[in-house]
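J.: fold the following for me, if possible:
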Amino acid sequence: MKSRNEYDLIIVGGGAAGYAAALYAKRYELSVLLIEGETPGGETANAGLIENYPGFEAIDGYELYQKFRNHALKFGAEVQPGRVEKVTQEGHQFKVSVVGQGVREGSCIIFTHGQARRRLGLPNEERLTGKGVSYCVTCDGPLYKGKTVGIVGGGDASVKGVNLLTEFAHKVFLIVKLEQVNAEPINYRLMQSKSDKVETLYHTQVKEMLEENGKFIGVKLFPGYQGNDILKLDGLFIEIGAVPDRALPASLGVALTESGHIHVDQFMQTNIAGVFAAGDVTDATGSFRQIVTAAAQGSMAATSAYEYIRKNTVPSEQYEMSAQFGNTKVQSSNVK
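T.: Got it, this is the predicted structure:
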């Protein structure tokens with residue numbers, strides 16, 4: 001009998017991968033704790049309008065996150081807010097330290113903590129975050145009704161951000177470092193249709209963030225805009241990708257790629273027995289990182305964790321396979 005702070009499985013991160021893992025693990029009748037982290041819902045919650053998740057023609061990202069969460073809770077997963085600061089291994093058990101909340105123990109770990117938004121790296125960037133500089137259009141876009149804003153980026157996320165910002169802002173500048181944007185055609189065409197509100201500045205970089213009395217007031221560009229290197233803005237959104245948090249898995253000895261992503265095999269197993277990973281934090285799908293792939297990986301990781309527990313930590317008869325898909329039982333992973 002496990003104590004109140006002991007679980008079969010602890011999931012670090014509360015995005016699509018984490019909640020899919022929690023759901024599947026509970027269907028295998030494991031005791032599950034999911035620790036949401038600093039950004040509950042991850043990229044899903046902040047994605048804005050989602051039109052490519054099967055079963056929903058269109059759904060707000062935060063609403064989809066809530067559905068993920070409620071589904072896992074319905075099956076009995078325990079969900080806890082908080083930030084994990086350390087994961088250690090003692091024998092066959094893993095100890096997870098949560099800031100201000102003590103230590104939880106698990107027989108298995110699944111890392112699903114995603115990625116953190118990439119910064120421009122300018123001197124006053126951190127200081128101006130929340131004071132005119134933002135990394136979440138969905139969260140802060142409505143604050144700029146009738147205003148002039150900029151968004152830095154060149155991928156699909158930045159184009160989707162522009163499309164959302166045009167619902168509020170008077171004018172939106174898309175600042176692109178390269179000569180073109182790399183976005184889904186449907187999103188790019190929508191942006192083009194809003195040319196009365198949108199202006200794209202190609203081959204342009206933000207060299208400085210300007211401030212006055214501690215508040216963001218604009219940017220210094222290279223090259224300039226209309227003969228002036230100063231562009232006055234009411235707000236600036238940064239959409240230049242994301243980077244994984246290396247610290248947690250690295251401290252446990254988990255193998256990482258050069259980019260800092262967790263290396264997993266086809267069963268979402270890492271190089272450490274009992275440690276799995278899923279979603280954007282892994283190298284499982286290369287650079288193709290989507291909500292649907294994260295959810296799929298989460299379910300695979302949970303299945304592998306179940307197989308690991310069944311074979312390695314308890315008598316096999318205690319965990320007879322309880323979940324079936326059609327008439328075919330879930331296949332065993334290669335966990336040793």
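
J.: what about the residue of the chain most remote from its centre, distance to residue 221?
T.: Relative to the C-alpha centroid of the chain, counting by Cα atoms, centre = their mean, residue 227 is the outermost residue, at 39.1 Å. Between residue 227 and residue 221 the computed distance is 11 Å (Cβ to Cβ, to the nearest Å). (Each C-beta comes from the backbone N, C-alpha and C, glycine too.)

J.: now residue 312
T.: In this view, residue 312 and residue 221 are 57 Å apart by Cβ to Cβ.

J.: how's this structure carved up into domains?
T.: If you go by automatic domain parsing, the domain ranges for the chain are 6-117+242-329, 125-238.

J.: could you work out the end-to-end span of the last one for me?
T.: Start-to-end span of domain 125-238 (Cα to Cα, to the nearest Å) is 10 Å.

J.: mind listing the strands for the stretch 101-250 of the chain?
T.: Secondary structure of the stretch 101-250 of the chain (DSSP state E, counting those that start in this stretch): strands located at 102-111, 115-117, 133-134, 148-152, 171-175, 198-201, 205-212, 215-225, 228-232, 235-238, 242-244.

J.: and those strands: which comes nearest residue 257?
T.: Shortest distance between residue 257 and these, using Cβ to Cβ, is found for strand 242-244: 9.0 Å.

J.: now for the closest one, which elements pack on it?
T.: Counting by 3 or more Cβ pairs under 8 Å, 6 or more residues apart in numbering; DSSP states H and E, the packing neighbours recorded for strand 242-244 are strand 115-117.

J.: what residues sit buried inside the strand it packs on?
T.: By neighbour count with 16 or more other Cβ atoms under 10 Å, strand 115-117 contains the buried residues 115, 117.

J.: then stretch 222-242?
T.: Those would be 231, 233-240, 242, for stretch 222-242 by 16+ other Cβ under 10 Å.

J.: now do it, average pLDDT.
T.: This predicted structure assigns stretch 222-242 an average pLDDT of 94.

J.: from the chain's centroid, how far away is it?
T.: Stretch 222-242 sits 26 Å away from the centroid of its parent chain (Cα atoms, centre = their mean, to the nearest Å).

J.: stretch 121-134 now?
T.: Here the centre of mass of C-alpha atoms in stretch 121-134, compared against the chain's by Cα atoms, centre = their mean, lies 21 Å away.

J.: could you list the low-pLDDT ranges of this structure?
T.: Counting by pLDDT under 70, the ranges of the chain that qualify are 1-3, 313-336.

J.: about what we covered before: make a markdown table out of the strands of the stretch 101-250 of the chain and add distance to residue 293.
T.: Formatted as a markdown table, the entries for the strands of the stretch 101-250 of the chain read as follows, by distance: least, Cβ to Cβ, whole Å:
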| stretch | distance to residue 293 |
| --- | --- |
| strand 102-111 | 15 |
| strand 115-117 | 14 |
| strand 133-134 | 26 |
| strand 148-152 | 25 |
| strand 171-175 | 27 |
| strand 198-201 | 29 |
| strand 205-212 | 31 |
| strand 215-225 | 34 |
| strand 228-232 | 37 |
| strand 235-238 | 24 |
| strand 242-244 | 15 |
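
J.: looking at this, residue 66 is in a helix?
T.: Yes: following the definition DSSP: H, G, I helix; E, B strand; the rest coil, residue 66 is counted among the residues of a helix.

J.: setting aside sequence-adjacent positions, which residue approaches it most closely?
T.: For residue 66, the nearest residue in space outside its immediate sequence neighbours is residue 41; the separation is 8.0 Å by Cβ to Cβ, 6 or more residues apart in numbering.
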